[in-house]
Every structure is written in structure tokens, then in C-alpha cells.
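# No sequence on hand, only this structure:
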């Protein structure tokens, strides 16, 4: 049995049993993938796939069990390689972070700058997406850690740890009536068109719940995954913006004003997500500590052993 055969098996499953697509991802030929899987079946003495002619239609029951074991073996093989690199050179390598636009643009810069200064030989890569996409990048091994709000805590395959809490704010042009309306209320906001986050973001569900509890149905005229896009359309007068407070910088956003809405919406929590069983190089622990100073290596290790961490920030 070869690790290559296990990789071929798992990639075929990842590609929805499409052998051609798996071959493309593996940079090899379709017959080569099929041959390796047949050899694996012969060696194990079980049929892994139900076939309809040359087409794979589903995993057999033994196939499902063996795929799960193969995935664990491949993770551990990757951990062995990571451990070898870590012990041979602790100051170089790569760190891939999957995160949302708001986190990348507003929450991460200070930690990224400090990390690059400390580890100039480490190739730091940021991949952006919505929270679900961010989680999937880590699960697929395309990223080392995920940084997003709440959603990643719902993904059982990830170890998730809280980092920071934040709330939403209301952004409007400089002479908007809300600036003179006195105490800000949901009723007052609902009188105007709203520009806010896409429903793929956990913060959007908190916004919706707040209005629903008051029996209000604001007219959402535009949604986006990018806080800067939301700000652009608020500046153009399209509506009232609801964004993360961290996304507003008075020095840069001179054409906007922010109203504190911490009393109107539930507090949100930014979390770090790691793949179960992942081997973490020293500089990964250091990046986590730079971004979330309370998360010591001991706390991260404890969370990895226990499957998660929920503690007061």
C-alpha cells in the first residue's frame, strides 16, 4: 500500500467521484488514477466504489470507512513532514491564512506586520472568502488557519478559539438626518434603505434578529461581502450602512460618519479555526499570539486536545 494510492482515493472522493477531475488536480492521467485505485482494492480485498460501467457512482460501506481512515493517515503523513521541517528550520516555510475581507483589511494588519518583521523568511499568504468558504479552505488543507466570526465555531471538523469581540455601527453621509435624531433606535434606522453584509456572514443574522424582535422589516437595497463596497454605496447616498465598527476609520472615511449601535445588536466574536490533528509550527503559534495575545501556546494545545475552546474574552 502506498500513500500515493490513498491520495488518489481521497481526491476522487473530494471531486465528487469524478476521476477525470481528480486526475487534473493530481497532475496525472485518468487511467493512472483508476489503476492505482484498482490496485488498492486488490490489496485490501474489498470494493471501494459502486460502478456503473467505467463510472463511479458511490462509495461502498467499506469504502466510506477506508476513506475516513485514509484521510487520517494522510493528515498524519503531512504532520510528519511539517514536524521534520519545523525541527530542521523553525524560521522559514509558509503560513496560509483564510479570512474574510473585513478581518484582512481591518483586524489583521498589525499582527501581519509584526509577524513579517519577526519571520521574514516565512511566506505569508492571505486567502479571502465568506466564513463558510474560509472554513472549507482549512478543511481542504488549502490554508493553515481560519479567521472569521462565529460561523467557524459551527464546523465540527475545526478546533475553534475566540479572539476578539466586536459590534456593528451605523454609517451615514455627513448631513444625514440620523445624526440629529437623538438616541439611535432600530425604528429610526428602518425608515431608510439599508446597505449591509451578505447573508453568508454571521453578523448579518444578528442584524436580522435585532429587527425581527422589534417586528421591523428594513428595506435592504444592497448587500456585499466587502465592508469597503458597503461604504462606497453609502457615500453615494444609496442607503444607511450597517458594518462592523472596526471597518470605520475616521481618518480614511472622511465622507462618512459612524453612529454607535452597540446597544442595538448582539456582540460578535472573531474566532480562529484550526484543523483537528494539525501539526502547528512554532511560527503558527506566534502568529496566533500576535493576533490574539491571550491565546498562549498552552491554551492552543489544550484546545487542540479537547476539540475547542470557549472562555471569556
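Great, that's in hand. No experiment lies behind these values; they were computed from the predicted model shown.
# Please enumerate the helices of the stretch 101-250 of the chain.
Applying DSSP state H, counting those that start in this stretch to the stretch 101-250 of the chain gives helices spanning 101-102, 109-118, 131-139, 186-189, 202-213, 227-235.
# Show residues contacting the second one.
Outside helix 109-118, the residues that touch it by Cβ atoms under 8 Å, 6 or more residues apart in numbering are 95, 122, 124, 126, 283, 286, 287, 290, 291. The way it works is simple: take the backbone N, C-alpha and C, and place the C-beta from them, glycine included.
# For ChimeraX, what selects the buried ones among these?
Selection command for ChimeraX covering only the buried members of these, criterion 16 or more other Cβ atoms under 10 Å:
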select :95,122,283,286,287,290,291
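# can you put the contacts of helix 109-118 in TSV and add distance to residue 163 and pLDDT?
Output for these, formatted as TSV (distance: Cβ to Cβ, whole Å; pLDDT from 0 to 100):
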residue	distance to residue 163	pLDDT
95	16	94
122	20	93
124	18	96
126	16	96
283	18	93
286	15	96
287	12	97
290	11	97
291	6	97
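# Closest to residue 246 out of the contacts of helix 109-118?
Nearest to residue 246 among the contacts of helix 109-118, counting by Cβ to Cβ, is residue 291 at 13.2 Å.
# one step back: so can I have a markdown table of the contacts of helix 109-118 showing distance to residue 165?
Formatted as a markdown table, those follow (distance: Cβ to Cβ, whole Å):
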| residue | distance to residue 165 |
| --- | --- |
| 95 | 25 |
| 122 | 29 |
| 124 | 25 |
| 126 | 22 |
| 283 | 26 |
| 286 | 23 |
| 287 | 20 |
| 290 | 18 |
| 291 | 14 |
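# Could you work out the most separated pair of the contacts of helix 109-118?
126 and 286, at 16.7 Å, using Cβ to Cβ across the contacts of helix 109-118.
# Can you give me the neighbour number for residue 43?
When neighbours are counted by other Cβ atoms under 10 Å, residue 43 registers 11.
# where does it land in three-state SS?
Following DSSP: H, G, I helix; E, B strand; the rest coil, residue 43 is assigned to helix.
# For it, give me its contacts.
So residue 43 contacts residue 1 (Cβ under 8 Å, 6+ apart).
# From residue 66, how far out is it?
To residue 66, residue 43 is 11 Å away according to Cβ to Cβ, to the nearest Å.
# same deal with residue 72?
Distance from residue 72 to residue 66, by Cβ to Cβ: 11 Å.
# Looking at those two, which one has more neighbours?
Neighbours per residue (other Cβ under 10 Å) separate residue 72 from residue 66, with residue 66 holding more: 19 against 13.
# Per-residue pLDDT of the nearest residue to that one once chain neighbours are set aside, please?
Nearest residue to residue 66, sequence neighbours excluded (Cβ to Cβ, 6 or more residues apart in numbering): residue 48, at 6.3 Å. As predicted, residue 48 sits at a pLDDT of 90.
# How many residues are close by residue 48?
So residue 48, with other Cβ under 10 Å, has 23 neighbours.
# I'd say it and residue 70 touch.
No: Residue 48 lies out of contact with residue 70 (Cβ atoms under 8 Å); the separation is 9.7 Å.
# who touches both of those two?
residue 9.
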